[in-house]
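Q: Next one to model:
(chains A, B, C and D)
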Number of protein chains: 4
Amino acid sequence: MPISEGQNVLVIADNNLGKRKLYLFKVSSKQSYSTFLGNIQGKDILDRNFGESIQLGKGRIYLIEPNLYDIIMYELKRKSQVIYPKDSGYIVSISGIRNGMKVLEAGIGSGFLTIEISRHICPNGKLYAYEIRQDMIEIAKKNLEKTNFTNCVIINNQDVREGVNEKDFDAAFLDMADPWNALNKIHDSLKISSPVIVFVPTVNQIEKLLSNVDINKYVIQEISELIKREWEPRKEAIRPTIRAIGHTGFIILLRTLKAI
Amino acid sequence: MPISEGQNVLVIADNNLGKRKLYLFKVSSKQSYSTFLGNIQGKDILDRNFGESIQLGKGRIYLIEPNLYDIIMYELKRKSQVIYPKDSGYIVSISGIRNGMKVLEAGIGSGFLTIEISRHICPNGKLYAYEIRQDMIEIAKKNLEKTNFTNCVIINNQDVREGVNEKDFDAAFLDMADPWNALNKIHDSLKISSPVIVFVPTVNQIEKLLSNVDINKYVIQEISELIKREWEPRKEAIRPTIRAIGHTGFIILLRTLKAI
Amino acid sequence: MPISEGQNVLVIADNNLGKRKLYLFKVSSKQSYSTFLGNIQGKDILDRNFGESIQLGKGRIYLIEPNLYDIIMYELKRKSQVIYPKDSGYIVSISGIRNGMKVLEAGIGSGFLTIEISRHICPNGKLYAYEIRQDMIEIAKKNLEKTNFTNCVIINNQDVREGVNEKDFDAAFLDMADPWNALNKIHDSLKISSPVIVFVPTVNQIEKLLSNVDINKYVIQEISELIKREWEPRKEAIRPTIRAIGHTGFIILLRTLKAI
Amino acid sequence: MPISEGQNVLVIADNNLGKRKLYLFKVSSKQSYSTFLGNIQGKDILDRNFGESIQLGKGRIYLIEPNLYDIIMYELKRKSQVIYPKDSGYIVSISGIRNGMKVLEAGIGSGFLTIEISRHICPNGKLYAYEIRQDMIEIAKKNLEKTNFTNCVIINNQDVREGVNEKDFDAAFLDMADPWNALNKIHDSLKISSPVIVFVPTVNQIEKLLSNVDINKYVIQEISELIKREWEPRKEAIRPTIRAIGHTGFIILLRTLKAI
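A: Presented below is the predicted three-dimensional model:
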């Protein structure tokens, strides 16, 4: 079954000398696609099946059918800073959530973390996402549609810092500039012992959270950050890549106490 | 509803001077439990509810109802090196798997990665786990029972390096000493474009994999490692912890090609 | 020339299975020395020359004549947290100091950074070290004697936060809890454009320094930290060590402005 | 004393919003200099003294007299990959060298490590540098002249893999593609117990060194790498910079044994 007009293709381009790049192309017979190994015509891709490769002048490109990871990394729209699998994988893993749970998220941003949460709680759970910006909601919705995760997500165009409508959440995820302003408001909507995971880019925000969190309502379980190092897949010169992302954000895991 | 006899309790102990430790106790009225803040009697815990705290001489302990994350970190049995959420969260996120998929895992080890995979593909998917050691299977089974993930996991006491019985896998996860000996054998059982994620502790294993993988069968998508830094949650002295885990393993993501 | 009674010996012990440990022993014919490979008698070491090795039951020990690095790492006395070569090498390199320069240090601590500075400015330079604790001065003096760096170091038992006696420093190094209280006081004693390097363990201290430094007196050139990863020297299993030091401190480089 | 025609000026440009950049300009009254904050005329700089600052439309620039660190980072010519202070500071610190010692270096590269070594052994020591490429020698010489370190450096246009002319070295530094081909050749020219520090970018080179080093001639003391994280000096948003250098090289410290 050859690749068909309008399908997305993940292209892994490799010059066999240690340089590699990935692209996601929506393939049309009328278009030409540029890679660091040279140009490739849409019609040359359409002749092929997924899993095949094409030799270009300076190297080889591999045609891969995109999965959820590729779509997240290369296809989804992003407005504002998003949370990538390096962090979202860990955030959701340490939240302990699973299929069937009821979860709170604020704000929704471009929906990247929303998708990762949905992978764990759907099909039987429900994610209530709070977001004040209508433009972000539009983007998140499109991204949820593209990844087929609309069914268990309910989006509220409301400010989480004014409280939430629902009760008995199993977990909460806060990706916002001032999470300390939401924490005390949402406390009574969370089950006791439930995890709240906060993601913030600066240490000042850690400090403000620690200074403002009501210690009768929450206890800190851990604060951590993940540094990702990519390695070059070249068997005769194995080493980390020279350019890297040095920082994304800090992950704070709190647990909900029984208010006194 | 007070904590009941025999229940597990996650205890977060904090001396308010920057030292903190976590414990998971199965509480009995007849037992005493030791923490770095001093001893606590089981009956004193049983008087309380989850979400409450107890002042000890040198600090305070918080009584939290354990969730899946706590169970993974503090309750499950482990024989051999296990894969922790730092790595398993990322491994499963980049695999792109989701509810309903059919997935291969080898070996099963203590079942830590098995649980993380199950969180994504259950209830409608199926995970086929291959493991040659019967003792590991026993431990993995107990851990799957404790976390309620037995339903969608089928364990085969077979050597993956001799091939697998099933077809059309959406993804494969290899946590074994010589993954290169499995890769070529399982290729025809994997869907084209499907991801294979390999976890190895040494660079020698990366090199051997790169040297032995059939480049007509697989293409490398990325190689990476995650370095986790924990931070001390003390608002007047925010800094990374001094002692750390410097290394666990390398994560290799391959994609399956159409064999020539 | 065999090793003589009372000499220091750096012992590198290796079990050929990936475990290694280093020791520094002051060798006496009457003593026994314990290593993870078993015990070794002082008289068995005294029979040997530097550069020789001895087979013990579980591995081999190598007898090395200690140099300045070994003395710093294994012989010098330490009271309070010291600055190790990972940081001191970088700190002194980015200060741009060289032989003949006049340099300020406060506090002296156990003298580890003092030694590193001395290696660069001696024999013709002068280091003026300020320290309020007499007990630290005693330790630093002993360490400077052991490493033969007393000639170009002048120690003042004074509080740098009350200003310094000297003028025209080429550089300053501050390893103290509240460097911001020293910065404005020492400004007029520093040459314009001269570097000031501050070492602090917490981010709160970075914040306080940035909040309290007089921006008419100093400009920040860079803030950085170094994470050291040790690797296991075992050719068939090359990987970072599992246990690591995750954090020591942050290094802030300021440059002195012409006060307005 | 105002800045004079032809002088080098380190310019620290800061927009007060978290973006900063450093430049080194050789100032001429006839030239204009471009910064991310806008252009500045040479004659406007020449009106000022070091340590002064100038307000541009989008931020402020600080005029600093360059020291050795600034010259190394921003002025010296570089051909091929150089060793920066992050690594050179540590490399030289762990070598234990000091004023008066006799040291071997190969190859000299652009001379960046040569300068760092010279800072420790000059004025009374001698550094013998071996380099096969005449073009590298020319660059290194110019860089040594610019930093005033020619006096104690002797450059040999010879291949260190064929052995060296001198005897009784206190230490050796190898920054070359195949250090294992030099190690056995230079052994007899090194004092027993003396350190040899090797710098290599790939793990393959660590493996080859470990496989090829004569274990009767050398013992490994440590292998390490340093990861540098820069932090943004913005008091209300303290965090590591997003873009970073993820890797430079691995540092191997060996000690010389008494050959059997």
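Q: Walking through the stretch 51-200 of chain A, point out its helices one by one.
A: With DSSP state H, counting those that start in this stretch as the definition, the stretch 51-200 of chain A shows helices at residue ranges A:68-70, A:85-95, A:112-121, A:134-146, A:180-186.
Q: Tell me which of those helices sits nearest to residue C:254.
A: Taking C-beta to C-beta as the criterion, residue C:254 comes closest to helix A:180-186 out of these, the separation being 31.5 Å. C-betas here are computed from N, CA, C, even on glycine.
Q: just so I know, which of the helices of the stretch 51-200 of chain A lies nearest residue B:201?
A: In this view, these are compared for proximity to residue B:201 by C-beta to C-beta, and helix A:85-95 is the closest at 19.3 Å.
Q: Say whether chain D is contacted by the closest one.
A: No: against chain D, helix A:85-95 shows no contacts by C-beta under 8 Å from any C-beta of the partner chain, the least distance being 13.0 Å.
Q: how about a markdown table for the helices of the stretch 51-200 of chain A, with mean pLDDT and mean neighbour count added?
A: As requested, these are exported to a markdown table (pLDDT from 0 to 100; neighbours: other C-beta atoms under 10 Å in any protein chain shown):
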| stretch | mean pLDDT | mean neighbour count |
| --- | --- | --- |
| helix A:68-70 | 97 | 22 |
| helix A:85-95 | 98 | 26 |
| helix A:112-121 | 97 | 26 |
| helix A:134-146 | 97 | 17 |
| helix A:180-186 | 97 | 20 |
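Q: Next, format these as JSON lines and append distance to chain B.
A: Putting the helices of the stretch 51-200 of chain A into JSON lines (distance: least, C-beta to the nearest C-beta, whole Å) gives the following:
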{"stretch": "helix A:68-70", "distance to chain B": "4"}
{"stretch": "helix A:85-95", "distance to chain B": "3"}
{"stretch": "helix A:112-121", "distance to chain B": "5"}
{"stretch": "helix A:134-146", "distance to chain B": "13"}
{"stretch": "helix A:180-186", "distance to chain B": "12"}
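Q: Out of the ones you listed, which is closest to residue C:209?
A: helix A:180-186 (24.3 Å).
Q: What helices and strands are in contact with that closest one?
A: The contact analysis (3 or more C-beta pairs under 8 Å, 6 or more residues apart in numbering or on different chains; DSSP states H and E) places helix A:180-186 against strand A:171-174, helix A:203-212.
Q: repeat that for 10 Å
A: Counting contacts by 3 or more C-beta pairs under 10 Å, 6 or more residues apart in numbering or on different chains; DSSP states H and E, helix A:180-186 is packed against strand A:102-106, strand A:171-174, strand A:195-200, helix A:203-212, strand A:250-256.
Q: So which of the ones you listed is the most surrounded?
A: strand A:171-174 (a mean of 27; mean count of other C-beta atoms under 10 Å in any protein chain shown).
Q: I'd like the mean pLDDT over the longest strand along chain A, please.
A: Residue-count comparison of every strand in chain A, with assignments taken from DSSP state E, identifies strand A:218-231 as the longest. Predicted confidence along strand A:218-231 averages 97 (mean pLDDT).
Q: so does that strand get close to chain C?
A: Yes: residues of strand A:218-231 are located near chain C by C-beta under 10 Å from any C-beta of the partner chain, namely residue A:227.
Q: Check the burial of the residue lying closest to residue A:135 once chain neighbours are set aside by counting its neighbours.
A: Excluding the flanking residues, the one nearest residue A:135 by C-beta to C-beta, 6 or more residues apart in numbering or on different chains is residue A:79, at 6.8 Å. By the other C-beta atoms under 10 Å in any protein chain shown criterion, the neighbourhood of residue A:79 contains 13 residues.
Q: and the end-to-end length of stretch A:205-224?
A: Taking C-alpha to C-alpha, to the nearest Å as the measure, stretch A:205-224 stretches 13 Å from start to finish.
Q: nope, stretch A:190-200 is what I was after
A: Distances were taken as C-alpha to C-alpha; on that basis the terminal residues of stretch A:190-200 are 21 Å apart.
Q: and it, anywhere near chain C?
A: No: residues of stretch A:190-200 are not located near chain C by C-beta under 10 Å from any C-beta, the shortest gap being 13.0 Å.
Q: And that stretch, how far out from the chain middle?
A: 18 Å (C-alpha atoms, centre = their mean, to the nearest Å).
Q: can you tell if it touches chain D?
A: Yes: applying C-beta under 10 Å from any C-beta, one finds stretch A:190-200 touching chain D at residue A:200.
Q: right, is that stretch up against chain B?
A: Yes: counting by C-beta under 10 Å from any C-beta, chain B is contacted by stretch A:190-200 at A:191-195.
Q: Adding distance to residue C:122, write the helices of the stretch 51-200 of chain A out as JSON lines.
A: Formatted as JSON lines, the entries for those read as follows, by distance: least, C-beta to C-beta, whole Å:
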{"stretch": "helix A:68-70", "distance to residue C:122": "57"}
{"stretch": "helix A:85-95", "distance to residue C:122": "47"}
{"stretch": "helix A:112-121", "distance to residue C:122": "56"}
{"stretch": "helix A:134-146", "distance to residue C:122": "61"}
{"stretch": "helix A:180-186", "distance to residue C:122": "52"}
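Q: hmm, back to that, residue A:140 versus the residue nearest to residue A:135, what's the distance?
A: Distance, residue A:79 to residue A:140, by C-beta to C-beta, to the nearest Å: 9 Å.
Q: Relative to chain B, how far out is the closest residue to residue A:246 other than its chain neighbours?
A: Nearest residue to residue A:246 in three dimensions, chain neighbours excluded: residue D:244, at 2.8 Å (C-beta to C-beta, 6+ apart). Counting by C-beta to the nearest C-beta, to the nearest Å, the gap from residue D:244 to chain B is 13 Å.
Q: now do residue A:246
A: The spacing between residue A:246 and chain B, counted by C-beta to the nearest C-beta, is 11 Å.
Q: Could I get the pLDDT score of that residue?
A: pLDDT, residue A:246: 92.
Q: Check residue A:5 too.
A: 96.
Q: Where does it sit: helix, strand or coil?
A: Going by DSSP: H, G, I helix; E, B strand; the rest coil, the secondary structure assigned to residue A:5 is coil.
Q: That one reaches residue A:47, doesn't it?
A: No: in this structure, residue A:5 sits apart from residue A:47 without contact. The criterion is C-beta atoms under 10 Å, and the distance is 11.9 Å.
Q: Name the residues contacting each of these two.
A: Taking C-beta atoms under 10 Å, 6 or more residues apart in numbering or on different chains as the contact definition, residue A:5 and residue A:47 share the neighbouring residues residue A:29.
Q: about what we covered before: and the gap between the residue nearest to residue A:135 and residue A:177?
A: In terms of C-beta to C-beta, residue A:79 sits 15 Å off from residue A:177.
Q: Residue A:7 now?
A: When residue A:7 is compared with residue A:177 (using C-beta to C-beta), they lie 39 Å apart.
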